[in-house]
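[1] build me a model from this:
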Amino acid sequence: MRKNMKRILALLMALAMVASMSCISAFATARYPAVQDASELGYTSYFCFGDSIATGYLSEQSDEDMKNVNIIQTKRDGETTTNAYPTMIADALGIDFKDNPFGYYGNSNTAKDNEAWSWKKARYGFYNYARDGYTSHEFRRLIDDSYYNQMTDDQKNISDNTILGGDFTKNGMAGFHTMQKHVAYDMSQADVITINLGSNDLMFYPMQKMTAILQDQTIENAFNAALSTVGLAGAFDAVVNAAAMVGKLPILLATLAKESSEANACFAENWDAILKYVNEHKKPEAQIYVANIYNSNANLKLTSTSNLRIGELVGLASQQVNQVITTTSAYRGTYTVVDVTGVEDYLPEWEPLDQWSNALSEGYFYTMFMVCAHPRKDGQMYIANEFVKAMKANAVTIG
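    Residues are numbered from 1 along each chain as shown. This next block holds a predicted model:
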């Protein structure tokens, strides 16, 4: 009897050890431990729209000196990184995030999976339409080819440059047309949809319009030269440097604010058109989650000793976009807003305003801008977790 009891106790202890080891193993192998598991929701397909925040742009960078970050190496031909928050969401939902046709798994050092572009599968688990540089104009063009005819000549040129200039879409315009062919079907397959756009509406369109408004050949030449070599985003650094050189930096910044305000009006119209399309093409039970936009300048200070954060004062443009997303959109009742402004606490520190001249003269202003405006891995995990928490709070399960 005593021997049997010992055997039973030994067996129970062994089972307990196996169980505890299993728990430890499951925790230790969690790919993104800061993101809650949401596999119980039963979502088997996920679709996302997003810009460079959603592609994980620069999220692979460590805390190294921003001067050493090579922006050119981050041009990934539409590729997304393992640190991108949609990848983390797919993982939290239990979806194989290698299985996405329009956003490659990995970073610039990862071999491309050309099979993803052959469209041999009838259905994927992760439909990733996140693209560096895209604005609401490109996403509206993506879902409605006739919208191009409604755009002004300036808007057409800028939008074409966004698609072609940096090859942000695989195969340029041909890749964009491929996406147009499949976006409706992909969206109709998804159990859950996330949308994150608007930040680029306040930057890329105004930046290109500024070169014409300032009417300075030096600025225009600098812009065009940068556009042909490093793409649309790299042209920002060239414009700022050239404007500073010819004494037009103040008017450039004032013009940026004016044009950003006008861009917001276009965003409001495009946002409603995009949300109308999404609601018409998704599954009836599919859930839509949209992110508001954060102030990428929030940490900018006047001087290194100043307590005044200039960035908090210049966040008006992002507030205007958020007003559309959170309040005034005609489709506001069809989606859940996910507040991601807390990611501002995870952004790298800007160099103080009084140090910008050094950044300009040493040629790393654009790098500083991009590094400080985009979340790194911990920030991406924060955004992913906010989305996942919202999905779990809604508790809409499939099956």
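
[2] quick one: name whatever helix or strand follows the lowest-mean-pLDDT helix or strand in the chain.
    Sorting the helices and strands of the chain by mean pLDDT, DSSP states H and E puts helix 2-28 at the bottom, at a mean of 33. Using DSSP states H and E, the helix or strand that follows helix 2-28 in sequence is strand 46-50.

[3] sheet partners, orientation included, of that next one?
    Here strand 46-50 has these sheet partners by DSSP bridges: strand 126-130 (parallel), strand 192-196 (parallel).

[4] need those strands in a markdown table with mean pLDDT, distance to residue 252 and mean neighbour count, can you?
    From N, CA and C alone the C-beta is placed, and that goes for glycine too. As requested, the strands paired with strand 46-50 are arranged in a markdown table below (pLDDT from 0 to 100; distance: least, Cβ to Cβ, whole Å; neighbours: other Cβ atoms under 10 Å):
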| stretch | mean pLDDT | distance to residue 252 | mean neighbour count |
| --- | --- | --- | --- |
| strand 126-130 | 88 | 30 | 27 |
| strand 192-196 | 97 | 28 | 26 |
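
[5] can I get these in CSV including distance to residue 153?
    Below are those laid out as CSV (distance: least, Cβ to Cβ, whole Å):
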stretch, distance to residue 153
strand 126-130, 26
strand 192-196, 28
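
[6] which SSE is the nearest residue to residue 357 once chain neighbours are set aside in?
    What sits nearest to residue 357 in space, not counting adjacent residues and going by Cβ to Cβ, 6 or more residues apart in numbering, is residue 244, at 7.7 Å. Per DSSP H and E: residue 244 is located in helix 217-245.

[7] quick one: buried residues of the helix or strand just after that helix?
    Downstream of helix 217-245, the next assigned helix or strand under DSSP H and E is helix 249-281. For helix 249-281, the neighbour count (16 or more other Cβ atoms under 10 Å) marks 249, 252, 255-256, 259-260, 263-264, 266-268, 270-278, 281 as buried.

[8] hang on, the residue nearest to residue 357 packs against residue 360?
    Yes - judged on Cβ atoms under 8 Å, residue 244 makes contact with residue 360 at a distance of 5.4 Å.

[9] what sits in contact with each of those two?
    The contact sets of residue 244 and residue 360 do not overlap (Cβ atoms under 8 Å, 6 or more residues apart in numbering).

[10] list the contacts of residue 286.
    Taking Cβ under 8 Å, 6+ apart, one finds 190-193 in contact with residue 286.

[11] nearest to residue 66 among those?
    Closest to residue 66 out of the contacts of residue 286 is residue 193 (34.0 Å), distances taken as Cβ to Cβ.

[12] hey, what's that closest one bridged with?
    Here residue 193, judged by DSSP bridges, has bridge partners residue 47, residue 288.

[13] look up how far residue 159 lies from it.
    23 Å (Cβ to Cβ, to the nearest Å).

[14] ok, residue 365 next?
    26 Å.

[15] over to residue 144?
    13 Å.

[16] again, but for residue 328
    24 Å.

[17] which of these two has more neighbours?
    Set residue 328 next to residue 159 and count neighbours by other Cβ atoms under 10 Å: residue 159 wins out with 22 against 11.

[18] surely the more buried one touches residue 139?
    No - using Cβ under 8 Å, residue 159 is not in contact with residue 139, being 10.5 Å away.

[19] buried ones in stretch 363-370?
    364-370.

[20] where does the stretch 151-300 of the chain dip in pLDDT?
    Applying pLDDT under 70 to the stretch 151-300 of the chain flags the ranges 165-171, 204-215, 219, 223-224, 226-238, 253-254, 256-258, 260-261.

[21] ok, residue 380 - contacts?
    56, 59, 83-85, 88.

[22] and the pLDDT for it?
    For residue 380, the pLDDT comes out at 94.

[23] how far away is it from residue 83?
    Taking Cβ to Cβ, one finds residue 380 at 5 Å from residue 83.

[24] now the common contact residues for these two.
    With Cβ under 8 Å, 6+ apart as the test, residue 380 and residue 83 both reach 56, 59.

[25] and the helices in the stretch 251-399 of the chain, which stretches?
    Using DSSP state H, counting those that start in this stretch, the helices of the stretch 251-399 of the chain run over 310-313, 316-323, 356-362, 365-373, 377-394.

[26] what does the stretch 51-200 of the chain give?
    52-55, 85-92, 136-143, 153-164, 172-189.

[27] any idea how this structure splits into domains?
    According to automatic domain parsing, the chain comprises the domains 1-30, 37-394.

[28] give the contact list for residue 271.
    136, 198, 324-325, 329.
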